[in-house]
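Colleague: just the structure for this:
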Amino acid sequence: MLSTIVREACVSTPATYKEYAADCLAAMRAAMLPEVRALLLAMAQRWNEFAERAERREHPAAPAPPPEQT
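Modeller: Numbers count the residues shown, from 1 in each chain. Here you go, the predicted model:
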């Protein structure tokens, strides 16, 4: 499973990254050990960061207009 995630992560969409984050959060809620819960939360946060980056890549901000000359 991990190799599939890593391979797909290289070309994934923001929605896919968000799905991975949701999977981590679901696993976190089911985990009993605090260390595992913390790790899964950190993984979910990282997947969400990847989703945000992918969204910025898909929809780059418009360049700022040149300053007005007075």
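Colleague: ranges for the helices of this structure?
Modeller: For the chain, the helices defined by DSSP state H occupy 2-9, 14-30, 34-58.
Colleague: which one of those helices has the lowest average pLDDT?
Modeller: Note on these: helix 2-9 shows the lowest mean pLDDT, a mean of 57.
Colleague: could you give the number of residues near the nearest residue to residue 47 once chain neighbours are set aside?
Modeller: Nearest-residue entry for residue 47: residue 21, 3.7 Å, with adjacent residues in sequence omitted and distances by C-beta to C-beta, 6 or more residues apart in numbering. To be clear about C-beta, it is placed using only N, CA and C from the backbone, and glycine gets the same treatment. By other C-beta atoms under 10 Å, 19 other residues sit near residue 21.
Colleague: hmm, residue 42 and residue 21 touching each other?
Modeller: No: in terms of C-beta atoms under 8 Å, residue 21 does not count as a neighbour of residue 42; the distance is 11.0 Å.
Colleague: residue 31 versus the residue nearest to residue 47, what's the distance?
Modeller: Distance, residue 21 to residue 31, by C-beta to C-beta, to the nearest Å: 15 Å.
Colleague: kindly report the same for residue 56.
Modeller: For residue 56, the distance to residue 31 (C-beta to C-beta) stands at 31 Å.
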